[in-house]
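# what follows is a protein structure lacking sequence information:
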Ligand SMILES: Cc1ncc(C[n+]2csc(CCOP(=O)(O)OP(=O)(O)O)c2C)c(N)n1
Ligand SMILES: CC(=O)[C@@H](O)[C@H](O)COP(=O)(O)O
Ligand SMILES: [Mg+2]
């Protein structure tokens with residue numbers, strides 16, 4: 001039987017690709033698209049972006065030798081074809097699984113991966129650094145950054161373009177323009193690129209200028225005639241890519257990003273151009289799989305799905321924490337017209353789609369620009385609005401100074417809806433929200449809360465509107481659980497709650513959604529005649545000193561469970577409090593170790609780091625029955 005991947009099976013390295021004739025490469029492109037859809041439909045991952053870069057990646061690996069030439073993939077979610085062509089096709093069924101290949105470039109994974117990515121807009125900076133290092137070493141290889149139109153909206157990208165244009169280093173920036181970020185791309189740059197794509201830049205501006213001049217009473221007509229004569233300078237100023245040319249780049253494009261032969265021709269010629277070159281390629285996100293072409297946003301990041309219908313294999317009607325946040329924000333927006341919502345190019349992922357539809361004037365998608373988003377929110381707050389910036393924990397890391405300098409220092413009422421706090425799973429090291437408690441806790445004026453479930457998340461969002469300062473609310477990726485709450489306490493600043501109280505043996509303090517498994521553990525301990533108390537801190541900051549001291553004094557063993565790094569986490573803060581009150585008891589931190597956590601499904605990772613129910617229960621029981629008890633923070 002003829003294999004579906006007759007050509008692809010011959011490709012075990014880029015040298016095998018270079019041996020193909022161009023008509024064979026076109027057939028190979030079709031096989032790669034079939035392989036991508038088939039494989040990602042089983043594993044999940046980033047599909048549409050990779051379908052859009054098949055010919056581009058083939059051309060790159062035809063023209064360059066990536067054992068010597070260096071390619072940096074911005075975000076890196078579109079590097080699957082690169083991985084398939086560089087010795088990882090056979091492991092592709094392990095994509096993003098624990099101990100499988102990563103969904104992003106990883107230097108540890110292959111000599112063809114020259115820079116790890118995952119967060120957007122870093123590629124041009126990294127490539128310029130690599131080009132500068134090359135020149136200092138008197139080497140001569142090529143350095144290429146592949147950046148999408150979405151990633152180009154990130155401030156870092158402009159910082160790098162600015163520097164590269166002036167430094168005149170030999171490097172190539174390939175702008176992969178598919179008019180999409182995760183959702184529709186936004187911003188003036190995106191409009192500019194679209195004008196280039198549709199070649200209306202010059203005619204649009206010429207018309208605007210003439211209209212403007214003719215408006216000038218009296219002299220307008222003669223000036224218009226002068227301007228007519230000067231049209232060359234207008235034309236020059238608005239020819240495609242002039243923005244990049246003015247920054248010091250040689251602009252090439254726009255070219256068809258699906259025409260392999262044209263791409264090879266352009267790349268070959270650009271290899272020898274001195275100074276920085278920007279090649280503007282136009283591609284279609286999702287190309288070759290009609291459902292992804294029609295819905296590139298829905299097929300940006302997918303769970304395993306049925307190829308014929310595009311429907312997820314395991315569909316659930318469960319409500320996610322992001323849904324709860326978005327729904328609550330719509331409620332708040334109905335009642336308070338000062339409520340505004342901000343996203344940095346992640347409206348769907350952060351649950352803001354409904355708010356955007358309901359309050360288009362009070363919804364802002366700033367592009368992949370978290371730093372700008374935070375200070376933009378501060379500006380809105382200074383004008384009397386109540387901004388909610390919904391952002392993944394890991395991406396908020398990029399805007400740390402803006403949180404301190406522009407929001408908290410001025411004590412402005414901005415609320416950070418910190419989604420994906422804790423382990424996110426398959427995206428791995430670059431995407432886990434492992435550090436937000438550690439990096440936010442030292443900031444004065446900032447209130448930090450962690451709801452135990454979806455109900456409390458809703459209450460906490462509403463609570464922030466009664467506050468006048470900045471608040472950070474952290475919650476995880478995934479289904480919003482509901483924990484029966486015996487006390488049903490209202491939210492009081494700086495106050496936690498007792499979720500389970502059965503005795504003085506074990507005190508567990510669980511941060512946020514960790515309360516769900518902590519409650520199960522307490523009940524199982526009871527069956528083993530070990531009497532536990534469970535506290536839900538609710539407030540990471542201000543910490544509930546009275547509650548902690550009161551219960552710490554009474555209990556023999558103290559455990560803090562948090563899906564945050566141990567260092568700078570809540571557990572360390574509790575230990576500090578006990579020491580301050582001269583309560584010399586050890587606080588056992590059930591936290592993330594001082595390591596970057598690899599990719600894999602969340603349950604596997606929690607088990608690996610001793611944070612799942614069974615592991616934890618056993619450890620506490622061992623502790624009580626005298627078996628040696630390692631401090632739970634794992635150091636491998
Ligand atoms: C700092 C940061 N913010 C947000 C994201 C989430 N994110 C991943 S891909 C993406 C859109 C990228 O669009 P583009 O660069 O055009 O690539 P395409 O998927 O269109 O190929 C976003 C917003 C991220 N990876 N990094
Ligand atoms: C590549 C990227 O950064 C995003 O697509 C991210 O993978 C989305 O994560 P979620 O799947 O948690 O929304
Ligand atoms: Mg794009």
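Sure, I can see it. None of the values given here were measured: they were computed from a predicted structure. Ligands and ions are numbered 1, 2, ... in the order given.
# show me how the protein divides into domains.
Residue ranges for the domains of the chain, per automatic domain parsing: 8-199+239-301, 200-238, 321-474, 497-624.
# quick one, which of the ones you listed is nearest to residue 311?
Among those, the nearest to residue 311 by CB to CB is domain 8-199+239-301 (9.5 Å). Bear in mind the C-beta positions are built from the backbone N, C-alpha and C, glycine included.
# and that closest one, end to end?
Taking CA to CA, to the nearest Å, the first and last residues of domain 8-199+239-301 lie 24 Å apart.
# ok, stretch 536-544 next?
Chord length of stretch 536-544, first to last residue, is 10 Å (CA to CA).
# and it, how far from the chain's centre?
27 Å (CA atoms, centre = their mean, to the nearest Å).
# is the closest residue to residue 457 other than its chain neighbours in a helix, a strand, or coil?
Excluding the flanking residues, the one nearest residue 457 by CB to CB, 6 or more residues apart in numbering is residue 451, at 4.0 Å. State at residue 451, reduced to three classes by DSSP: H, G, I helix; E, B strand; the rest coil: coil.
# let me know how buried residue 451 is, in neighbour terms.
Residues lying near residue 451 (other CB atoms under 10 Å) number 27.
# same question for residue 120.
28.
# pick the most deeply packed of the domains of the chain.
Mean neighbour count (mean count of other CB atoms under 10 Å) peaks for domain 321-474 among the domains of the chain, with a mean of 22.
# hang on, the earlier thing: mean pLDDT and distance to residue 2 for the domains of the chain - can I get that in TSV?
Conversion of the domains of the chain to TSV gives the following (pLDDT from 0 to 100; distance: least, CB to CB, whole Å):
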stretch	mean pLDDT	distance to residue 2
domain 8-199+239-301	96	11
domain 200-238	63	47
domain 321-474	98	34
domain 497-624	96	35
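# list just the one of the ones you listed that sits closest to ligand 1.
domain 8-199+239-301 (2.2 Å; CB to the nearest ligand atom).
# for the stretch 51-200 of the chain, which residue gets nearest to ligand 2?
Closest point on the stretch 51-200 of the chain to ligand 2, by CB to the nearest ligand atom, is residue 77, at 3.9 Å.
# using the three-state scheme, assign that residue.
Of the three states, residue 77 takes coil under three-state DSSP.
# can you check the one 5 residues further on too?
Each residue gets one of three states, and residue 82 gets helix by three-state DSSP.
# tell me how far the ends of stretch 282-289 are from each other?
Span of stretch 282-289 from end to end, CA to CA: 17 Å.
# wait, does it make contact with ligand 1?
Yes. Contact of stretch 282-289 with ligand 1 (CB under 6 Å from any ligand atom) involves residue 285.
# what do you get for stretch 172-192?
Yes. Judged by CB under 6 Å from any ligand atom, stretch 172-192 comes into contact with ligand 1 at 176, 178, 180, 181, 182.
# does the second one really touch residue 292, like I thought?
No. Residue 178 is beyond contact range of residue 292, at 11.4 Å (criterion: CB atoms under 8 Å).
# what's the overlap in contacts for those two?
The contact sets of residue 178 and residue 292 overlap at residue 285 (CB atoms under 8 Å, 6 or more residues apart in numbering).
# the closest residue to residue 22 other than its chain neighbours in helix, strand or coil?
Closest residue to residue 22 apart from its sequence neighbours, by CB to CB, 6+ apart: residue 261 at 5.8 Å. The three-state label given to residue 261 by three-state DSSP is helix.
# ok, now which ones touch the residue of the stretch 51-200 of the chain closest to ligand 2?
Residue 77 sits in contact with 46, 49, 50, 103, 104, 301, where contact means CB under 8 Å, 6+ apart.
# what about 10 Å?
45-50, 103-105, 117-118, 120, 148, 151, 182, 300-301, 427 (CB atoms under 10 Å, 6 or more residues apart in numbering).
# out of the residues you listed, which are close to ligand 3?
residue 148 (CB under 5 Å from the ion).
# which parts of the stretch 51-200 of the chain sit against ligand 3?
148, 149, 150, 178, 180.
# closest to residue 169 out of the residues you listed?
residue 148 (21.8 Å).
# looking at the residues of stretch 172-192 next to ligand 1, which are in strands?
residue 176 (DSSP state E).
# can you pull the residues of the chain lying near ligand 1?
By CB under 6 Å from any ligand atom, the residues of the chain that approach ligand 1 are 49, 52, 75, 77-78, 119-120, 148-151, 176, 178, 180-182, 285, 344-346, 368, 370, 395, 398.
# and residue 472, helix, strand or coil?
Residue 472 is classified as strand under three-state DSSP.
# residue in this protein with the shortest distance to ligand 3?
Taking CB to the ion as the measure, the chain has residue 148 as its residue closest to ligand 3, at 3.8 Å.
# how much space separates that residue from residue 119?
Applying CB to CB, to the nearest Å, the value for residue 148 to residue 119 is 13 Å.
# overlap of the contact sets of the two?
Joint contacts of residue 148 and residue 119 (CB under 10 Å, 6+ apart) are 74, 75, 368.
# contacts only, for the residue nearest to the second one when sequence neighbours are not counted.
The reference is to residue 75. For residue 75, ignoring the flanking residues on the chain, the nearest one in space by CB to CB, 6+ apart is residue 120 at 4.9 Å. Counting by CB under 10 Å, 6+ apart, residue 120 touches 74-77, 147-148, 150-154, 156-157, 181, 344-345, 367-370, 395, 398.
# now swap in residue 389 and tell me
Here residue 389 is in contact with 340-344, 350, 364, 366, 370, 373-374, 376-378, 380, 396, 399, 403, 407, 414-418, 472 (CB under 10 Å, 6+ apart).
# and it, what are its phi and psi?
Backbone torsions of residue 389, given as degrees, to the nearest 10, read phi -100, psi 110.
# just the one 5 residues further on next, same as before
Backbone torsions for residue 394, taken as degrees, to the nearest 10, come to phi -60, psi -30.
# is the residue lying farthest from the centre of the chain in a helix, a strand, or coil?
Distance from the C-alpha centroid of the chain, by CA atoms, centre = their mean, peaks at residue 218 (55.3 Å). Following three-state DSSP, residue 218 is assigned to coil.
# so how far is residue 430 from the residue of the stretch 451-600 of the chain found nearest ligand 2?
Residue of the stretch 451-600 of the chain nearest ligand 2, by CB to the nearest ligand atom: residue 477 (5.2 Å). For residue 477, the distance to residue 430 equals 14 Å [CB to CB].
# now residue 454
Counting by CB to CB, the gap from residue 454 to residue 430 is 27 Å.
# next: residue 580.
36 Å.
# cool, and residue 410?
Residue 410 is 31 Å from residue 430, by CB to CB.
# check residue 481 too.
26 Å.
# now swap in residue 127 and tell me
18 Å.
# ranges for the strands of the stretch 1-150 of the chain?
In the stretch 1-150 of the chain, the strands defined using DSSP state E, counting those that start in this stretch lie at 70-73, 143-148.
# adjacent strands (with direction) for the shortest one?
As defined by DSSP bridges, the strand partners of strand 70-73 come to strand 143-148 (parallel).
# and the strand it pairs with, is it in reach of ligand 2?
No. Strand 143-148 lies apart from ligand 2 when judged by CB under 6 Å from any ligand atom; the minimum separation is 10.4 Å.
# stretch 590-608 too?
No. Remark: stretch 590-608 sits outside contact range of ligand 2, by CB under 6 Å from any ligand atom, the gap being at least 10.7 Å.
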